[in-house]
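S.K.: Could you work out the structure for the sequence below:
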Amino acid sequence: MSRASKQPELMSGAALAEALADAIETPRLKFLRHADAVPLVQSIQGREADLDRVPAPRGDSIDDHLLAAAGMVAATRMWRETRVVYDFDSSLSESLVDMELDSEFPGEVLRRLPHPNPLFLFRKPIMSQDQFGRLTAMRGFVLMLRPSLAEVVSTVDIDKHDGVPYAVIAVVDVLDEHGSVLERQTVELFAPTKAENTTARKMMDEAPVIHVLGGEMGPQDSALREYMARLTLIVVSHLLYVCCDKPDLEKVPAPPRRAQRLGIRRGRAAQVHRVGWRLGPAIRQFHEKVDRLRRTAIRRGWKVIPHVRRGHPHTFLFGPRKSLKKVKWIPPLLVNAAAFGRDGEGIIVPVH
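M.R.: From the prediction side, this is the model:
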């Protein structure tokens, strides 16, 4: 059985991350080799490369499609030097994507990544619809800084590149009506790191061009624009969570080398951090209890039906004259829980 066909629950976070990185890197390397342009990868990483072998420029620059492909390969190679993986609980992911779009937060919080160049991994893919109405499943994404089309740098260099957005390289599967994969796309989005206050909706509205192998998709029509916005929301909500104050983040001990399964490349071991594996089960229990309370309310004819406020970021001011800011992610909560008496007790999600 190939790695791609294994069930995700039977694979470690490290193995899944490697498979995701391969999905980004392999087709682009093939594309670059066919064009005899592999040296572009080292050039984009700021390392010595034999650019004499790169195809002659078209006009004033090397073909943008070659640069985009080389940039994605450079990003995955940079990730392999740190191998930080954020392995998300599916219930937390669902709650993050359902976040309140108009909750304001300082954009500067997105600069506070706990680790360099992380790969965000979704064990349960996040579903959407593309501009053609096809079902899509986002498997995860890698985060880098992209000062220009011909440059990729580490996220630890964010202060040296003030205002430069994150380059988000995501793996998205297009599915048929039976859930089988029709094609695998690797798309490139950008997440702003500006300091001013913003919201998820504003960032979605500013969603830029998506790059895919073999072409570029821009926001020419409303259906494509909506698809880009949904992908941007997935990225922004998960990025914001890990950048918030005290996220539910727990490092997984690395297994002994002899216990590592096939499929993990030799070299530096992956640093897998489980995200939301404590908070996720609490969110699941919360929604189960709210559903039971709704059914009870309808059966008994209550005038007040349970209402849930979705998870959202909240900015707190602290320090001298409240001059400092921190952002916490507030889990979903039941509004007016006291109105339901004892039936409404015990449906509060703990904040870690």
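S.K.: Could you verify my assumption that Glu206 touches Lys194?
M.R.: No: contact criterion Cβ atoms under 8 Å: Glu206 and Lys194 do not qualify, at 10.0 Å. Using the backbone N, CA and C atoms, a C-beta is placed for each residue, glycine as well.
S.K.: For this structure, just list every one of the helices.
M.R.: 13-34, 39-44, 64-82, 90-97, 200-205, 222-243, 279-300 (DSSP state H).
S.K.: and the first one with helix 64-82, angle?
M.R.: Direction vectors for helix 13-34 and helix 64-82, defined by axes from the mean of the first three to the mean of the last three Cα atoms, to 10 degrees, enclose an angle of 150 degrees.
S.K.: helices and strands around helix 13-34, which ones?
M.R.: On a contact count with 3 or more Cβ pairs under 8 Å, 6 or more residues apart in numbering; DSSP states H and E, helix 13-34 meets helix 64-82, strand 84-88, strand 119-129, strand 135-148, strand 166-175, strand 181-191, strand 271-275.
S.K.: Which among the ones you listed is found nearest to Leu110?
M.R.: strand 181-191 (6.6 Å; Cβ to Cβ).
S.K.: Please identify the most buried of the helices and strands packed on helix 13-34.
M.R.: Mean neighbour count (mean count of other Cβ atoms under 10 Å) peaks for strand 84-88 among the helices and strands packed on helix 13-34, with a mean of 26.
S.K.: Direction included, what does it pair up with?
M.R.: Here strand 84-88 is paired, per DSSP bridges, with strand 119-129 (parallel), strand 271-275 (parallel).
S.K.: Pull out the CA atoms of the last one and give them to me as CSV.
M.R.: In other words, strand 271-275. Below are the C-alpha coordinates for strand 271-275, written out as CSV (Å, rounded to 0.1, in the frame of the first residue of the first chain):
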residue,chain,number,x,y,z
GLN,A,271,8.7,18.4,15.8
VAL,A,272,5.0,17.6,16.0
HIS,A,273,2.8,19.8,18.1
ARG,A,274,-0.8,18.7,18.7
VAL,A,275,-3.1,21.7,18.5
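S.K.: quick one: average pLDDT of it?
M.R.: Strand 271-275 shows a mean pLDDT of 95.
S.K.: residues making contact with that strand?
M.R.: For strand 271-275, contacts defined as Cβ atoms under 8 Å, 6 or more residues apart in numbering pick out 12-14, 17, 82-89, 92, 114-115, 241-242, 247-252, 254.
S.K.: what's the angle from that strand to helix 90-97?
M.R.: Using the same axes, to 10 degrees: strand 271-275 against helix 90-97 is 70 degrees.
S.K.: Then the first one?
M.R.: Direction vectors for strand 119-129 and helix 90-97, defined by the same axes, to 10 degrees, enclose an angle of 70 degrees.
S.K.: pLDDT weak spots in this structure?
M.R.: Residue ranges of the chain with pLDDT under 70: 1-10, 49-62, 207-220, 255-267, 348-352.
S.K.: gap between the residue nearest the centre of it and Val142?
M.R.: With distances taken as Cα atoms, centre = their mean, Val235 lies nearest the centre of the chain, 4.0 Å away. The gap separating Val235 from Val142 is 11 Å, by Cβ to Cβ, to the nearest Å.
S.K.: Thanks a lot, see you next time.
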